[in-house]
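Novice: how would this look folded up:
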Amino acid sequence: MNETISWLLEGDPAIRWQSMRDLLDLPEQTWQAERQRTLTTGWGAQFLARQETNGQWGGGIYSPKWISTTYTLLTLCDIGLPGDCEAARRGAALAVGSLLGPACDDAFHQKLAGLDRCIVGMMLRIGINFGIDAARIEAIVANLLQEMMPDGAWNCRRNRRPKPHHSSFHTTFNVLEGLRAYLAWGQGAQHEAAQAAEQSALSFMLDHHLFLSDKTGEVVNPKFTYFSFPTRWFYDVLRGLSYFALADAPRDPRLQAAMELLHSRRRKDGTWPVQNKHAGRVFFDMEETGGPSRWNTLRALRVVRWWEGGRPAA
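Specialist: Just a heads-up that it's a prediction; the model follows:
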């Protein structure tokens, strides 16, 4: 075991269990036991302790950012909180019910049609992780499949003026992470269509080498080259590469520039930093901006392992 992985194993249970699974290939009973500790200690337990008596966090469903119910649940998904956690399931039911509706009826479909694609993708990921009913899950997936842009991905501003003609990197990955949860769920009636949509969106990203203009070859947005965590609704190159590793996508040469960027961000001590913090309220900081980041180091090592032909992240 190298020094960097040893350092990861000295961290929060959220980091420990995922390192055991994704970097060390330890038996499931070992990492699942560590995963259970996220309920009672560390970051997971700290977020759960801040849940309000009505089931929400931060006094709201989507806002205030980043202490609302939605963004807290997304962080709990990242932590890998067990899906049978009753507190998280209660929060997920409240979030999906408030933003879309408690049942798959006409009112649910009307809200679904009007909601930003970013938030719809978030609700899909949260709903699958924390157990909302299959009927609403399938309705969300059907909506996302219908709302793809002509270039093969998504843009949350599709109904605004001026009407966008190009997919958004931010929106695309909020949707993709929901679809990836759906594909991993393994019970979906639209599995093949969701796979095809995922491949379409990944092709769109490959055409942009994850962060470059497909017309000029220039960096689309310099902020894409700085790695944050939690990512919130924002895209960056590490978030993109992490998804390709999670999906065990082919090692396409169009990813080479992104991989070179990833390696260039590695510190001399073998770790990666948090380079960017998205402004907003937080309950607490899991890590300090600018310092060595266990989150980003874990995520980056997953990518490197996948790129070099190792086992993909589970």
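Novice: hang on, R37 packs against P13?
Specialist: Yes. Using C-beta atoms under 8 Å, R37 and P13 qualify as a contacting pair, with a distance of 4.0 Å. For the C-beta atoms, the positions are set from N, CA and C on the backbone; glycine is no exception.
Novice: Show me which of those two is the more surrounded one.
Specialist: Per other C-beta atoms under 10 Å, whichever of R37 and P13 has more neighbours is P13, with 22 against 16.
Novice: Would you map the helices across the stretch 151-300 of the chain?
Specialist: Using DSSP state H, counting those that start in this stretch, the helices of the stretch 151-300 of the chain run over 169-185, 191-207, 237-246, 256-264, 294-307.
Novice: quick one: buried residues of the shortest one?
Specialist: By 16 or more other C-beta atoms under 10 Å, the buried positions in helix 256-264 come out as A257, A258, M259, L261, L262.
Novice: go on, stretch 87-103?
Specialist: With burial defined by 16+ other C-beta under 10 Å, the residues of stretch 87-103 counted as buried are 87-89, 91-101.
Novice: do the same with stretch 211-226
Specialist: Buried positions in stretch 211-226, judged by neighbour count with 16+ other C-beta under 10 Å: F211, L212, V219, V220, F224, T225, Y226.
Novice: beta partners for the second one?
Specialist: The one in question is L212. Beta-bridge pairing of L212, defined through DSSP bridges, involves V219.
Novice: Would you mind confirming that it is in contact with L255?
Specialist: No. Applying C-beta under 8 Å as the test, L212 and L255 come out as separate, 11.3 Å apart.
Novice: Next, the closest residue to N54 other than its chain neighbours: secondary structure please.
Specialist: Beyond its immediate neighbours in the sequence, the residue positioned closest to N54 (C-beta to C-beta, 6 or more residues apart in numbering) is L94, lying 7.6 Å away. When states are read from DSSP: H, G, I helix; E, B strand; the rest coil, the local structure at L94 comes out as helix.
Novice: what sits against L94?
Specialist: L94 sits next to N54, G55, Q56, I61, T69 when contact means C-beta atoms under 8 Å, 6 or more residues apart in numbering.
Novice: now swap in S98 and tell me
Specialist: Applying C-beta under 8 Å, 6+ apart, we find S98 in contact with I61.
Novice: and the gap between it and Q256?
Specialist: Going from S98 to Q256 by C-beta to C-beta, to the nearest Å gives 43 Å.
Novice: same thing with F204?
Specialist: In this structure, F204 and Q256 are separated by 18 Å, where distance is defined by C-beta to C-beta.
Novice: C118 now?
Specialist: With C-beta to C-beta as the criterion, C118 and Q256 are 29 Å apart.
Novice: One more: V282?
Specialist: 35 Å.
Novice: Now do the strands in the chain.
Specialist: 272-273, 292-293 (DSSP state E).
Novice: Tabulate those in JSON lines, adding columns for mean neighbour count and mean pLDDT.
Specialist: Rendered in JSON lines, the data for the strands of the chain read as follows (neighbours: other C-beta atoms under 10 Å; pLDDT from 0 to 100):
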{"stretch": "strand 272-273", "mean neighbour count": "22", "mean pLDDT": "97"}
{"stretch": "strand 292-293", "mean neighbour count": "20", "mean pLDDT": "97"}
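Novice: Save those strands as TSV, and put in distance to L301 too.
Specialist: Compiled in TSV, the strands of the chain are given as follows (distance: least, C-beta to C-beta, whole Å):
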stretch	distance to L301
strand 272-273	9
strand 292-293	12
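Novice: of all those strands, which lies closest to T41?
Specialist: When those are compared by C-beta to C-beta, strand 292-293 sits nearest T41, at 20.0 Å.
Novice: Distance from that closest one to the middle of the chain?
Specialist: Distance of strand 292-293 from its chain centroid, counting by C-alpha atoms, centre = their mean, to the nearest Å, is 19 Å.
Novice: List the residues that contact the residue nearest the centre of the chain.
Specialist: Centre of the chain computed as the mean C-alpha position; nearest residue by C-alpha atoms, centre = their mean is E177, 5.1 Å away. Each residue near E177 by C-beta under 8 Å, 6+ apart is listed here: G121, R125, Y243.
Novice: And the pLDDT at A314?
Specialist: The pLDDT attached to A314 in the predicted structure is 64.
Novice: repeat for R311
Specialist: At R311 the predicted local confidence, pLDDT, stands at 63.
Novice: what about stretch 180-192, how long is it end to end?
Specialist: 12 Å (C-alpha to C-alpha, to the nearest Å).
Novice: Other residues contacting it?
Specialist: 124-125, 128-129, 134, 137-138, 141-142, 145, 194-195, 198, 243, 246-247.
Novice: Pick out the most distant pair among those residues.
Specialist: Comparing all pairs in the contacts of stretch 180-192 by C-beta to C-beta, the longest separation belongs to A134 and Y243, at 24.3 Å.
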